[in-house]
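Trainee: everything below, folded, please.
(2 chains)
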Amino acid sequence: RRAGRSLVLGKEEAKERGEGGFVPSGAVAMIRCFLVINNFGKPRLIKFYERLTNEQRQRTIEHAFRLVSKRLDDLCNFVEDGSLFGDDTHVIYRHFATLYFIVVCDKAESELGILDLIQVYVETLDKSFENVCELDIIFNQQKAGLILDQMITGGLVLETNSQEIEKRYKELEKSMKQQDREASNSPANMYKGASPRTF
Amino acid sequence: MSTSGGYRGLQNFINEIRQCQSKEQERARIDKELANIRTKFKSDRGLSSYEKKKYIWKLLYIYVLGYDVEFGHMEAVALISSTKFSEKQVGYIAASVLLHENLEFVRLVINTMQKDLLSRDENYQCMALTAIANMGGREFAEALSGEVLKLLTSSSTRTVVRKKAALCVLRLFRRNPDIVSVDTFALKLCNLLQERDLGVLLSSMSLLCGVVSHDPQGYEVVIPKVVGVLERVAKGIDIPQDYTYYGIPSPWLHVKALRALHYFPVIENDTVWTKLQEILRRTISSAPIDKNTNKNNALHAILFESISLMMHLNMDSEVLAQCVTLLGKFVSIKEPNIRYLGLENMSRLSLVPEMMSTIKSHQEQIVLSLHDPDISIRRRALDLLYRMCDRDNSHEVVDQLLSYLTTADFAIREELALKIAILSERFASSLKWYIDVIISLIDKAGDHVSDEVWYRVVQIVTNNESLQSHAAANVLRKLQDGSSHETMLKLSAYILGEFGQLLQGSGRDIFYLLKDRLGSATVLTKGLILSAFAKIATRNPDDAEVTQSVAEIFRRYGSTPDAELQQRAVEYAALAGKKEAGTVMAAMPKFPERESALLKLIAAETEGSALPLAGAGRGRPNTDASADALPPTQSGDLLGLDDAIEAPPAAIPVDALTLPSAGQAQSSDPLDLLGGLTVSESAAPAAAPAPSAAAPSAAGADPFGGFSDLIVGGSGEEASGSKVQPQLMGGTVEDWYAKLCVANKGILYQDQFLQIGIKAEFQKSQGRVMLFLGNKHTGDLTNVVVAVPPVPAYRVQVGAVPNAIATQAQVQVPVAVSCVEASLDVPKLQVVYTVEGEAVKLNLQLPLIPTKFLAPVASVDGNSFFSMWKSIPGPPKKLQQIVQCEEQVDMGRLQGMIGSVGFAVAQGLDPSPNNIVAIGTFSCESAGEAAVMLRLEVDPRSLKQYRITVASTNALLTSSTKDLLLKNI
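Mentor: As a prediction, the model looks like this:
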């Protein structure tokens, strides 16, 4: 009667996708998605670590926002809701100024660990943008996304050291710029992969 | 401020979007941009590197805004294979977002990824690893796991690559666990766990967790290494400053290491065990509460994980008690996160029986949390109270939950009501208490109490004489206090009808209290109240005021439009004053003991076995009353066949419990009733209306079950010794039924004796179904009864059925059907006959599903179709699903099938030959006509995948239509 009907994936559908015959047990710890949504429900950064259709993604975003946006700031940072990804997952979020940082993950992940992870992400953004605000994320999707990639890979925590994350990002940025400069200086290195027709 | 892109066009685009005043304006701007980018990508003029990247970023921005981006895949693939770092980077990011659904492109990318993994540039390696881990496709597991594993273990891999490789391996492992073999991989993990770099350790620990959560066997060798890592972070040995979080050595690694140990059942090595115990004890005893929230969080993350591990490892109860004391402190703490987790972890600890008494000492505090402003915390408190409830504190806990029920939020009420019902049943100290709790529960939260709960109350009260007057007094008081919930009313009508006379002198009160509520009650409840009136009038023959009022009510309901109520009223009126009335209206016999439907319902939730209710085992055994055991053949003779058609046997499958009880319960056993009637032969004709009075209601549902076995073969022993075992021939009931769902002609059932065929015609909400019953046996089939128990969604009338079917003969039984509303409930068809002296009963389903009442819409113009289509926004009225098929979809067959379901395919509305748009009109009596629309898009490339969208103004209709189509494509 109260069976956790998944909003995003029907039971059958979930089984169908059952990761190559191996259905992950409830004990598998994984982040299902990382969402940054503003106070009006506009997504500012979205990262899904599951294959979902656009509709499923939109439903998840809307539902997650509805769940957290009605909560007052002095309540706890956890919401239980099985309708997003099933009963074994929960929603962990933080609200900073105009933005909600929302993680949907399996219950096997430490709640406080994820909360700290969000903190580290925001601290890292803050350092690299010098007082990060919503506009920074809007206009610098690439950067915010790449920094997140240095922290979470494939739904798992990769790095939690803010300095290391920032350092990695700076290196990336540097090599991009450097190589672009070299490339534009020497026509021989111009991109010659596909025919111009494809572009 | 550095902006990695710095694309002016992108900035302008974002600004324009942000200035849009409305959603429509935004969509228009985005459509324009998508068209622009599409043209740019298609143009013959090669785009510059800058432009390519800019357009991909625009697409990604559009993606984040929630729009479907359906192109750009090829461009992303091409960018990935670029030799330019920045292009490759953009390509990979785009690919992990855009390529999810598209296998073809994924294959194209694999080649490039392989090259990048082998590259000497660590940036390339990292990009490929990140993309593989984020996309995580099965194709990657097949093609790339070798390279990724090499990167993980090779000594020349740099740490930044190695930690990504670890997570990548885990993602691929989840796709296909065979990519590693225990024998070699356990040792490799050991080596990884000896790394000095904390980043590598963290991702290796995650990898270990993932691998052992699948199967820990063979990985025991890593335990000492994990404990080693644990010791290092717990004691802060060799931790670089960067890896401390608010002064705490990498709390994530600490938590992950604790978590990894969870997956092993025991720790055998004594030295390791001692070391681990020491670490855990230290954590527990040094649990400070810090002023800084972030530091506090990290400390508690470690603490909670440690407690959880201590439980898992069965540490001695002294330490566990220390944990509970600690948690008790947290439960009363101000910080909501800690309070929440304190309750959650206490719930876990409640699984250890010895902990119960310590946990109970915090009961007061936990009850307080039931009234916390945060629903997350209230839920946790409810869960914990539920778990800690036992015989000793059940009264207190249940009382608390009952008083919480009045103020509890809607979201939690159903769960709360169910928990109260379970606890009161499981830990009932006395039946009296149990009955009182349930009556309060129904009174306070009737909406959330399922029918099983009140059936159970009736069953217990009927079977325990000592409770009867108490229960009657209780419900009477509730009615006097103004309680008027429908379920409460049903229960009251039943209890007061049965046992009201035990309350001396309140017959008249009862009558007026019920009469006040009769007008506004639902049909089902009205039926129960009418039955109660019949009983009250019979038992108070001298109270002229009551008997006259009752007679007046019966007269009034004798012309009510509802057939069921009308019949009841007429028959009760006819019965009144007859000498059989006393017998017919006698108190119900006790119910045979059976498993509580309620407990069955929540079986999944119940840990531990439910305690049987004291005294509930005194039910009457099935065999002791000979009247009960009357075989149906005799009842058929008695009734005469014409009556029998309208009076289907009382054999209702147990699942009828879920049907609304249309019947009055006291006559749910017509056989019992007939037993009474057979006493005097002359009484039989006089009582002619009486059998049908009892019978149609019996057909409704026997809410208390337990009688269904009687009809089959008279008694259990007989049935088991029966020679007559119907054997299905030429198919299964499910297959026949499934075929008839999309066809109007075919076989419904066939065994060696009987074949049932169906031919049906439907027009709007009406249907004519002809049943063909063919006798395949060498002897006659006698005492044939065909019945369709009523369901709310359909009105079904079964025509005349001959008493017998001669050998090799076929008879036709017309069945008239009207659809009242769309429903997932299907009418049942019960066929009973006697062959070679033995009764056979068949329980079948009539293929009457909503789509049967669907008529094709001859022609529809595009405009009106699309405006209707768009007026239905989304689930649950518009449902969509993507389906993969084994074989290619045959468009011709598909169109035919859609036609046979009742749709008209609207030709030309969708120009693509691979898409089908169809529309039909569903008719029912309650809501008139409703359009049902269908769109089917078959993937033109493979023809093996399609997307189906069904829309209508009725969610039930939409989902049942979609399910039917999916089954048949």
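Trainee: any stretches of the chain with poor pLDDT?
Mentor: Picking chain A for this. A:1-28, A:179-199 (pLDDT under 70).
Trainee: that's the wrong chain, I meant chain B
Mentor: Checking chain B against pLDDT under 70 turns up B:1-6, B:100-103, B:287-288, B:593-724.
Trainee: give me the three-state assignment for the residue of it found nearest chain A.
Mentor: Proximity of chain B to chain A (Cβ to the nearest Cβ) peaks at residue B:133, 2.9 Å away. (Each C-beta comes from the backbone N, C-alpha and C, glycine too.) What DSSP: H, G, I helix; E, B strand; the rest coil gives for residue B:133 is helix.
Trainee: okay, now the nearest residue to it once chain neighbours are set aside: neighbour count?
Mentor: Spatial nearest neighbour of residue B:133, chain neighbours left out: residue A:154 (2.9 Å); criterion: Cβ to Cβ, 6 or more residues apart in numbering or on different chains. Residue A:154 has 27 neighbouring residues, counting by other Cβ atoms under 10 Å in any protein chain shown.
Trainee: from the middle of its chain, how far away would the one helix or strand residue B:797 maps to be?
Mentor: Using DSSP states H and E, residue B:797 sits within strand B:794-798. Strand B:794-798 has its C-alpha centroid displaced from the chain centroid by 30 Å (Cα atoms, centre = their mean, to the nearest Å).
Trainee: can you check stretch A:114-123 too?
Mentor: Worked out by Cα atoms, centre = their mean, stretch A:114-123 lies 12 Å from the chain centre.
Trainee: same check, this time on stretch B:345-354
Mentor: For stretch B:345-354, the distance to the chain centre is 28 Å (Cα atoms, centre = their mean).
Trainee: that one near chain A anywhere?
Mentor: No. Stretch B:345-354 stays clear of chain A (Cβ under 8 Å from any Cβ of the partner chain), getting no nearer than 10.5 Å.
Trainee: tell me how far residue B:557 lies from residue B:572.
Mentor: Separation of residue B:557 from residue B:572 (Cβ to Cβ, to the nearest Å): 9 Å.
Trainee: shared neighbours, the two?
Mentor: Common neighbours of residue B:557 and residue B:572, using Cβ atoms under 8 Å, 6 or more residues apart in numbering or on different chains, are residue B:530.
Trainee: for these two, indicate the residue with more neighbours.
Mentor: Neighbours per residue, other Cβ under 10 Å: of residue B:557 and residue B:572, the larger number sits with residue B:572, 29 against 22.
Trainee: SS state for that one?
Mentor: Per three-state DSSP, residue B:572 ends up helix.
Trainee: what sits against it?
Mentor: B:530-531, B:533-534, B:554, B:693.
Trainee: can you check residue B:243 too?
Mentor: So residue B:243 contacts A:160-161, B:198, B:249-250 (Cβ under 8 Å, 6+ apart).
Trainee: can you list those in CSV and add secondary structure and distance to residue B:71?
Mentor: Shown next, in CSV, are the contacts of residue B:243 (DSSP: H, G, I helix; E, B strand; the rest coil; distance: Cβ to Cβ, whole Å):
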residue, secondary structure, distance to residue B:71
A:160, coil, 37
A:161, coil, 39
B:198, helix, 43
B:249, strand, 49
B:250, coil, 44
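Trainee: out of those, who's nearest residue B:441?
Mentor: residue A:160 (48.3 Å; Cβ to Cβ).
Trainee: what sits closest to residue B:469 if chain neighbours are left out?
Mentor: Using Cβ to Cβ, 6+ apart, the nearest residue to residue B:469 is residue B:502, at 3.9 Å.
Trainee: same deal with residue B:909?
Mentor: Here the residue nearest residue B:909, using Cβ to Cβ, 6+ apart, is residue B:917, at 4.4 Å.
Trainee: name the element the one you found belongs to?
Mentor: With DSSP H and E as the test, residue B:917 turns up in strand B:915-924.
Trainee: sheet-wise, list the partners of that strand with their directions.
Mentor: Sheet pairing of strand B:915-924 (DSSP bridges) gives strand B:854-856 (antiparallel), strand B:904-905 (antiparallel), strand B:928-938 (antiparallel).
Trainee: tabulate these (CSV), appending mean neighbour count.
Mentor: Formatted as CSV, these follow (neighbours: other Cβ atoms under 10 Å in any protein chain shown):
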stretch, mean neighbour count
strand B:854-856, 19
strand B:904-905, 18
strand B:928-938, 20
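Trainee: so which of the ones you listed gets nearest residue B:888?
Mentor: strand B:928-938 (9.0 Å).
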